[in-house]
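[1] can you look at this prediction? I've put the sequence above it.
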Amino acid sequence: MEELFAGVYRIEPTKVTPSKYISLFAERAEGNLLFSCFGGHSSIEGSFDAIDACGGVAMHLLGDMHFAARYSDDVFDRFGVPTQCSEVEGPDVKRKVKNVATFPFERHELATGVEVIPTPGHRPGAVSYLVPMGERRCLFAGDSIYHDGTNWRALASKRNRPIMLATLDLLSGVDFDVLLANTSVTNPVCHVEFDGDDKDAFLDRLRAAL
């Protein structure tokens, strides 16, 4: 586990290969959060002891079904928490994961200090999670917005471009100053911090690149 900044960690797969992705972990007094990406067989079982030493996992949160894999049930077996996702993504997640809990696909407070933000465009039921971490307001965006190794991009097909543009418009009104993404394990860039008008310029660049 690599600490990116106070209380937020990057977790690499137990066995690193170029096809795998990182997971993210937030250590909080209100309960620790795991934002996993187990696509490409990215098991993090080798980090379970380190996670346990931080107090375990209170909530296991998915951005969309692309992050689901059988390894999600390993998290349930070790920490006793189901994989949570939007009710829209639920049917596809349940094809791979046994222990799943879904929540409404709408903006709401899921738990103390955890706000669900619907961010469709990449997937119909994709969500991001807004979590205050000290003085930072962190948006865990899954891979709806991601870093491709060179640039930050919003991930959407040509057909879904209007939906993603609407998502970016929505995010313009969300108060966050750090964005985190589940990037490839080969990519060291998984977060970006904003100051002043930087966020608006960042979202404008994403719109222009769609």
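    Looks like it came in fine.

[2] sec struct for the residue nearest the centre of the chain, please.
    The chain has residue 142 as the residue nearest its centroid, 3.1 Å off, counting by C-alpha atoms, centre = their mean. What DSSP: H, G, I helix; E, B strand; the rest coil gives for residue 142 is coil.

[3] what residues are up against it?
    35, 37, 62-64, 67, 119, 122, 126-128, 181-182 (C-beta atoms under 8 Å, 6 or more residues apart in numbering). No exception for glycine: its C-beta is placed from N, CA and C like everyone else's.

[4] what comes up buried for stretch 197-205?
    By 16 or more other C-beta atoms under 10 Å, the buried positions in stretch 197-205 come out as 199, 202-203.

[5] one more: stretch 14-25?
    In stretch 14-25, counting by 16+ other C-beta under 10 Å, buried: 20-25.

[6] over to stretch 95-105?
    Under 16+ other C-beta under 10 Å, the buried positions of stretch 95-105 are 96-97, 100, 102, 105.

[7] you'd agree residue 40 is up against residue 19?
    Yes. Contact criterion C-beta atoms under 8 Å: residue 40 and residue 19 qualify, at 4.3 Å.

[8] give me the buried subset of the contacts of residue 142.
    35, 37, 62-64, 67, 119, 122, 126-128, 181-182.

[9] any chance of JSON lines for the residues you listed, columns distance to residue 160, secondary structure and pLDDT?
    JSON lines is the format used below for those (distance: C-beta to C-beta, whole Å; DSSP: H, G, I helix; E, B strand; the rest coil; pLDDT from 0 to 100):
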{"residue": "35", "distance to residue 160": "22", "secondary structure": "strand", "pLDDT": "97"}
{"residue": "37", "distance to residue 160": "20", "secondary structure": "coil", "pLDDT": "91"}
{"residue": "62", "distance to residue 160": "19", "secondary structure": "coil", "pLDDT": "96"}
{"residue": "63", "distance to residue 160": "15", "secondary structure": "coil", "pLDDT": "94"}
{"residue": "64", "distance to residue 160": "13", "secondary structure": "coil", "pLDDT": "94"}
{"residue": "67", "distance to residue 160": "18", "secondary structure": "helix", "pLDDT": "88"}
{"residue": "119", "distance to residue 160": "12", "secondary structure": "coil", "pLDDT": "97"}
{"residue": "122", "distance to residue 160": "7", "secondary structure": "coil", "pLDDT": "92"}
{"residue": "126", "distance to residue 160": "10", "secondary structure": "coil", "pLDDT": "96"}
{"residue": "127", "distance to residue 160": "16", "secondary structure": "strand", "pLDDT": "97"}
{"residue": "128", "distance to residue 160": "16", "secondary structure": "strand", "pLDDT": "97"}
{"residue": "181", "distance to residue 160": "18", "secondary structure": "coil", "pLDDT": "96"}
{"residue": "182", "distance to residue 160": "19", "secondary structure": "coil", "pLDDT": "93"}
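
[10] out of these, which is nearest to residue 110?
    Nearest to residue 110, judged by C-beta to C-beta, of the buried ones among the contacts of residue 142 is residue 127 at 9.4 Å.

[11] so what's the closest one bridging to?
    On the basis of DSSP bridges, residue 127 is bridged to residue 118.

[12] return the residues in contact with it.
    Contacts of residue 127 by C-beta under 8 Å, 6+ apart are 63-64, 85-86, 105, 116-119, 142.
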